[in-house]
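Peer 1: Turn this into a model:
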Amino acid sequence: MRPGFRNMKFPGMKARLLRLDRFLQMTDNLDHQPYCPECRSLAEEAEHLSRQTIQTEKDFQQFEIQYMNLFGKINDHLKISHGYRIPNYFISLYTLLYTIVGILAGLFVVYLGRIGNFGKWSYEIGGLLGFVTGLAIGRIAGHRKDKQMKIEHKNLY
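Peer 2: Prediction:
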């Protein structure tokens with residue numbers, strides 16, 4: 001399949017826009033699931049697509065539509081059925097979640113401190129401390145999870 005896509009002549013900068021490198025890595029992931037009938041079907045569809053010849057702009061437009069549909073199908077199938085994720089998915093997700101939780105926790109601690117007269121911290125200080133703490137913990141936890149996904153070869157591309 002790789003030689004078929006590599007030998008295709010795309011007009012202008014279209015090859016870069018199609019992200020063939022990511023597509024080929026995702027089709028390699030399909031080969032890691034030998035007992036999944038949908039993976040086999042998608043791999044055969046990708047193989048058929050790689051054999052097409054592109055000579056005119058109209059041929060390219062039809063190829064591009066088929067390619068983008070197949071790209072989406074493979075992406076969705078690998079994510080939903082086999083648990084694949086894009087690189088750095090968990091760093092982004094955990095950073096966002098832990099930051100929100102950290103800010104809320106920092107504000108809550110300041111609120112409790114004001115009720116009990118334990119200190120006169122401002123809400124800005126509590127929010128800032130919660131933000132920094134949540135950000136750091138989220139980045140660390142997300143990095144560990146992404147590292148685990150990479151070890152398990154569960155990255156989409």
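Peer 1: Quick check: residue 87 vs residue 123, distance?
Peer 2: 37 Å (Cβ to Cβ, to the nearest Å). (Glycine included, C-beta is placed from N, CA and C.)
Peer 1: ok, now residue 100?
Peer 2: Look at residue 100 and residue 123: by Cβ to Cβ, they are 16 Å apart.
Peer 1: Please apply the same query to residue 108.
Peer 2: Distance, residue 108 to residue 123, by Cβ to Cβ: 10 Å.
Peer 1: before we move on, what SS does the residue sitting furthest away from the middle of the chain have?
Peer 2: Distance from the C-alpha centroid of the chain peaks at residue 117, with 46.3 Å (Cα atoms, centre = their mean). What DSSP: H, G, I helix; E, B strand; the rest coil gives for residue 117 is coil.
Peer 1: elements contacting the lengthiest helix in the chain?
Peer 2: Ordering each helix of the chain by length in residues (DSSP state H) puts helix 123-151 first. Applying 3 or more Cβ pairs under 8 Å, 6 or more residues apart in numbering; DSSP states H and E, one finds that helix 123-151 makes contact with helix 89-115.
Peer 1: quick one: the helix it packs on to helix 123-151, angle?
Peer 2: Calculated by axes from the mean of the first three to the mean of the last three Cα atoms, to 10 degrees, helix 89-115 forms an angle of 150 degrees with helix 123-151.
Peer 1: So which bits of helix 89-115 are buried?
Peer 2: Of the residues in helix 89-115, 89-91, 93-95, 98-99, 102-103, 105-107, 109-110 count as buried by neighbour count, 16 or more other Cβ atoms under 10 Å.
Peer 1: Now do the residue nearest the centre of the chain against residue 127, distance only.
Peer 2: For the chain, the residue sitting closest to the mean C-alpha position, by Cα atoms, centre = their mean, is residue 86 at 2.4 Å. Distance from residue 86 to residue 127, counting by Cβ to Cβ: 30 Å.
Peer 1: where does this structure dip in pLDDT?
Peer 2: The model of the chain has pLDDT under 70 over residues 1-16, 118-119.
Peer 1: Outline the domain layout of it.
Peer 2: 2-82, 89-151 (automatic domain parsing).
Peer 1: Need the phi and psi values for the residue nearest to the centre of the chain.
Peer 2: Phi and psi for residue 86, reported as degrees, to the nearest 10, are phi -70, psi 160.
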